[in-house]
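>>> Predicted structure and sequence below. I'll ask about it afterward.
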Amino acid sequence: GYFGKVAPFDVSLGVLVALGFIVMATWTENYGDAHQSVSGGFSNAWKVIVADRKVLLVGAIQSAFEGAMYTFVFLWTPALQSAADAGGHGEIPHGMIFSTFMVAVMIGSSLFTFLLKWQPIESFLRYVFAISVVIFASAVLSSNLYVSYGAFVAFECLCGVYFPAMGT
């Protein structure tokens with residue numbers, strides 16, 4: 001086509017601008033505590049982190065998992081294309097791959113609902129984090145397109161479990 005692979009992103013820019021105007025026209029601002037300075041807010045947050053080790057650990061775990069996830073967001077395309085080139089597979093079907101990633105996230109969200117009936121969130125999230133490490137290790141250590149793709153789909157499924165767990 002005329003716009004190539006980036007056509008959906010070009011269209012999304014128009015949607016983003018239109019929705020930005022709708023939000024500006026219809027939403028009111030949430031100013032939080034208007035009597036507290038920014039430095040006072042940071043100071044209070046730091047005191048909470050220092051006072052409660054659990055808050056520090058949740059923040060560290062969340063940062064590590066989401067850091068890995070955002071790294072994945074930027075690197076899945078070159079990683080899979082490199083594996084495809086090494087295996088002589090040609091160009092990867094970006095749209096189809098992205099679609100399967102989104103389905104995997106939805107499956108993970110459904111899995112979260114199922115897991116929540118069996119055990120508390122803090123119990124099964126440990127396994128989500130551990131399995132994520134193994135999955136990424138397998139993707140890094142393999143140059144096989146199908147192993148890497150399978151690992152990435154599995155990781156997206158775990159992201160589907162992670163997000164509702166962190167929001168609960």
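Sure thing, it's come through.
>>> what about the helices in this structure?
7-26, 38-51, 53-86, 94-118, 121-141, 145-167 (DSSP state H).
>>> Could you check how far the longest one is from the centre of its chain?
What separates the centre of helix 53-86 from the centre of its chain is 8 Å, taken as CA atoms, centre = their mean, to the nearest Å.
>>> and it, what does it pack onto?
helix 38-51, helix 94-118, helix 121-141, helix 145-167 (3 or more CB pairs under 8 Å, 6 or more residues apart in numbering; DSSP states H and E). C-betas here are computed from N, CA, C, even on glycine.
>>> before we move on, what about the fifth one?
For helix 121-141, the packing partners by 3+ CB pairs under 8 Å, 6+ apart come out as helix 53-86, helix 145-167.
>>> same for the last one, what does it pack against?
Counting by 3+ CB pairs under 8 Å, 6+ apart, the packing neighbours recorded for helix 145-167 are helix 53-86, helix 94-118, helix 121-141.
>>> same question for stretch 70-81, mean pLDDT?
Mean pLDDT, stretch 70-81: 93.
>>> Check which residues of it are buried.
The neighbour-count check on stretch 70-81 (16 or more other CB atoms under 10 Å) flags 72, 76, 79, 80, 81 as buried.
>>> wait, the first one sits on residue 152?
Yes: using CB atoms under 8 Å, residue 72 and residue 152 qualify as a contacting pair, with a distance of 7.0 Å.
>>> ok, the residue sitting nearest the centre point of the chain to residue 18 distance?
When CA atoms, centre = their mean is applied to the chain, the residue found nearest the centroid is residue 69 (4.7 Å). In this view, residue 69 and residue 18 are 28 Å apart by CB to CB, to the nearest Å.
>>> do residue 133 as well
Counting by CB to CB - residue 133 and residue 18 are separated by 41 Å.
>>> residue ranges with poor pLDDT in the chain?
1 (pLDDT under 70).
>>> please redo it, this time with the cut-off set to 80
1-6, 30-34 (pLDDT under 80).
>>> which residues sit in contact with the residue nearest to the centre of the chain?
155, 159 (CB atoms under 8 Å, 6 or more residues apart in numbering).
>>> Pull the number of nearby residues for residue 151.
If you count neighbours by other CB atoms under 10 Å, residue 151 ends up with 23.
>>> Could you report the separation of the residue nearest to it when sequence neighbours are not counted from residue 10?
In this structure, residue 151 finds its nearest non-sequential neighbour in residue 139, 3.9 Å apart by CB to CB, 6 or more residues apart in numbering. Computed as CB to CB, the residue 139 to residue 10 distance reads 30 Å.
>>> Have a look at these two and say which one is more surrounded.
residue 139 (24 against 10).
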